[in-house]
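Colleague: any chance you could fold what I've pasted below:
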Amino acid sequence: MVRYLADSPFGTHLPATMYRIEDREEKVYAFKPGDGRFFNFMTEGRKIILTNAYRKHSQKMMKQDLEALEIAIKYKHDRIRRLEEGTYYET
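Modeller: Prediction:
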């Protein structure tokens, strides 16, 4: 799914059953293979950054699923901060 989306022309969308936005404000998405959920966000240059994953527990997002989403948002902000500071690839 990641390769298909990355190699597709700009604006291509996967069906919501496979890929959907989980937080519109933060623009965090989730790949949805089976009962797994892989949170991610996109950056300049069409890069897809996978942040974390969880196993789906029910139809609606439960508290622990929402906590996983919050972690994804935290990782996104952390990456942006480190890029701005120039410390993304520290040695």
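Colleague: all helices for this structure, in order.
Modeller: All helices of the chain, identified by DSSP state H, fall at 2-7, 63-85.
Colleague: among those helices, which is nearest residue 52?
Modeller: The closest of the helices of the chain to residue 52 is helix 63-85. By Cβ to Cβ, the value is 5.3 Å. Where you see a C-beta, it was placed from the backbone N, CA and C, and this is true even at glycine.
Colleague: quick one: buried residues of that closest one?
Modeller: By neighbour count on 16 or more other Cβ atoms under 10 Å, the buried set for helix 63-85 is 65, 68, 69, 72, 73, 75, 76.
Colleague: need the contact partners of that helix.
Modeller: When contacts are defined by Cβ atoms under 8 Å, 6 or more residues apart in numbering, helix 63-85 is touched by residues 22-23, 26, 28, 37, 39-41, 49, 51-54, 56-57, 61, 88.
Colleague: flag the least confident of the buried residues of helix 63-85.
Modeller: Ranked by pLDDT, the buried residues of helix 63-85 bottom out at residue 65 (87).
Colleague: got the CA positions of stretch 58-66 in CSV?
Modeller: This file holds the C-alpha atoms of stretch 58-66, laid out as CSV (Å, rounded to 0.1, in the frame of the first residue of the first chain):
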residue,chain,number,x,y,z
SER,A,58,-13.3,-2.4,17.8
GLN,A,59,-15.2,-0.4,15.2
LYS,A,60,-14.7,2.8,17.0
MET,A,61,-11.3,4.1,18.3
MET,A,62,-11.0,3.2,21.9
LYS,A,63,-9.0,5.1,24.5
GLN,A,64,-5.8,3.1,23.9
ASP,A,65,-6.2,3.6,20.1
LEU,A,66,-6.6,7.4,20.7
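Colleague: redo the helices of the chain as TSV? Include distance to residue 33.
Modeller: Output for the helices of the chain, formatted as TSV (distance: least, Cβ to Cβ, whole Å):
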stretch	distance to residue 33
helix 2-7	10
helix 63-85	16
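Colleague: just give me the lowest mean pLDDT stretch among those.
Modeller: Lowest mean pLDDT within these: helix 2-7, at a mean of 77.
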